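1. Predicted model and sequence follow; I will ask about them next.
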Amino acid sequence: MVAALPAGLTDAEQHCLASAGIARQCSAFEAWLAGWGKEARDALGRGDAAREDLEANHHGRKCASQPADADEMLLCCRRVLGMPVD
(Lines give C-alpha, C1' and ligand atoms only; values in the text may rest on other atoms or scores of the structure.)
Protein backbone atom coordinates (compact mmCIF):
# COMPACT_ATOMS: atom_id res chain seq x y z
CA MET A 1 0.00 0.00 0.00
CA VAL A 2 2.84 2.43 0.79
CA ALA A 3 4.15 2.20 -2.78
CA ALA A 4 0.79 3.47 -4.04
CA LEU A 5 0.96 6.66 -1.97
CA PRO A 6 2.14 9.96 -3.44
CA ALA A 7 5.66 11.09 -2.55
CA GLY A 8 6.31 13.81 0.00
CA LEU A 9 3.57 12.97 2.51
CA THR A 10 4.06 13.28 6.24
CA ASP A 11 3.96 10.13 8.36
CA ALA A 12 0.44 10.99 9.55
CA GLU A 13 -0.76 11.55 5.98
CA GLN A 14 0.73 8.21 4.94
CA HIS A 15 -1.05 6.41 7.76
CA CYS A 16 -4.35 8.16 7.05
CA LEU A 17 -4.29 7.53 3.29
CA ALA A 18 -3.04 3.95 3.59
CA SER A 19 -5.82 3.14 6.06
CA ALA A 20 -8.36 4.83 3.79
CA GLY A 21 -7.12 2.86 0.80
CA ILE A 22 -7.28 -0.46 2.64
CA ALA A 23 -10.75 0.35 3.96
CA ARG A 24 -11.92 1.18 0.43
CA GLN A 25 -10.36 -1.86 -1.24
CA CYS A 26 -11.04 -4.36 1.54
CA SER A 27 -12.96 -3.30 4.65
CA ALA A 28 -12.70 -0.97 7.62
CA PHE A 29 -11.96 -3.98 9.84
CA GLU A 30 -9.07 -5.07 7.63
CA ALA A 31 -7.71 -1.52 7.66
CA TRP A 32 -7.96 -1.50 11.47
CA LEU A 33 -6.21 -4.88 11.65
CA ALA A 34 -3.43 -3.81 9.28
CA GLY A 35 -2.84 -0.62 11.26
CA TRP A 36 -2.64 -2.40 14.60
CA GLY A 37 -0.47 -5.13 13.06
CA LYS A 38 1.98 -2.54 11.73
CA GLU A 39 2.22 -0.80 15.10
CA ALA A 40 2.65 -4.14 16.93
CA ARG A 41 5.47 -5.05 14.54
CA ASP A 42 7.06 -1.65 15.18
CA ALA A 43 6.74 -2.10 18.95
CA LEU A 44 8.31 -5.55 18.89
CA GLY A 45 10.97 -4.76 16.31
CA ARG A 46 13.10 -1.83 15.33
CA GLY A 47 10.23 0.39 14.24
CA ASP A 48 8.75 3.42 15.93
CA ALA A 49 5.34 2.52 17.35
CA ALA A 50 3.22 5.58 18.06
CA ARG A 51 -0.31 6.23 19.27
CA GLU A 52 -0.51 9.09 16.76
CA ASP A 53 -0.18 6.54 13.93
CA LEU A 54 -3.22 4.65 15.22
CA GLU A 55 -5.16 7.92 15.43
CA ALA A 56 -4.21 8.79 11.83
CA ASN A 57 -5.32 5.29 10.77
CA HIS A 58 -8.68 5.90 12.47
CA HIS A 59 -9.10 9.16 10.59
CA GLY A 60 -8.29 7.37 7.33
CA ARG A 61 -11.04 4.82 7.89
CA LYS A 62 -13.47 7.68 8.54
CA CYS A 63 -12.38 9.49 5.36
CA ALA A 64 -12.83 6.27 3.37
CA SER A 65 -16.48 6.11 4.39
CA GLN A 66 -17.19 9.33 2.47
CA PRO A 67 -17.68 9.34 -1.30
CA ALA A 68 -14.43 10.85 -2.55
CA ASP A 69 -11.65 10.34 -5.05
CA ALA A 70 -7.99 10.05 -4.03
CA ASP A 71 -7.40 13.82 -4.02
CA GLU A 72 -10.48 14.42 -1.87
CA MET A 73 -9.39 11.69 0.55
CA LEU A 74 -6.04 13.43 0.94
CA LEU A 75 -7.87 16.70 1.68
CA CYS A 76 -10.08 14.88 4.19
CA CYS A 77 -6.99 13.44 5.89
CA ARG A 78 -5.34 16.82 6.05
CA ARG A 79 -8.45 18.43 7.53
CA VAL A 80 -8.95 15.82 10.25
CA LEU A 81 -5.23 15.81 11.05
CA GLY A 82 -5.31 19.61 11.49
CA MET A 83 -2.94 20.23 8.60
CA PRO A 84 -3.09 23.07 6.07
CA VAL A 85 -5.24 22.30 3.05
CA ASP A 86 -3.80 23.68 -0.17
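-> Everything's here; your move. Numbering: from 1, shown residues only.

2. For Ala56, list the residues it contacts.
-> Under the criterion of Cβ atoms under 8 Å, 6 or more residues apart in numbering, the contact list for Ala56 reads 11-13, 15-16, 19, 77, 81. Yep, even glycine has a C-beta here, placed from its N, CA and C like the rest.

3. ok, now with 7 Å
-> 12, 15-16, 81 (Cβ atoms under 7 Å, 6 or more residues apart in numbering).

4. who wins for most neighbours among the residues you listed?
-> Cys16 (31 neighbours; other Cβ atoms under 10 Å).

5. which residues does it contact?
-> For Cys16, the contacting residues are 56, 59-60, 63, 77, 81, taking Cβ under 7 Å, 6+ apart as the criterion.

6. on that earlier part again, which two among the contacts of Ala56 are spaced furthest apart?
-> With distances taken as Cβ to Cβ, the most widely separated pair in the contacts of Ala56 is His15 and Leu81, at 9.2 Å.

7. Please report how far the residue sitting nearest the centre point of the chain lies from Ala49.
-> Among the residues of the chain, the one closest to the centroid is Cys16, at 2.1 Å (Cα atoms, centre = their mean). As defined by Cβ to Cβ, to the nearest Å, Cys16 lies at a distance of 17 Å from Ala49.

8. Just the buried residues of stretch 50-70, please?
-> Neighbour-count burial for stretch 50-70 flags 53-64 (criterion: 16 or more other Cβ atoms under 10 Å).
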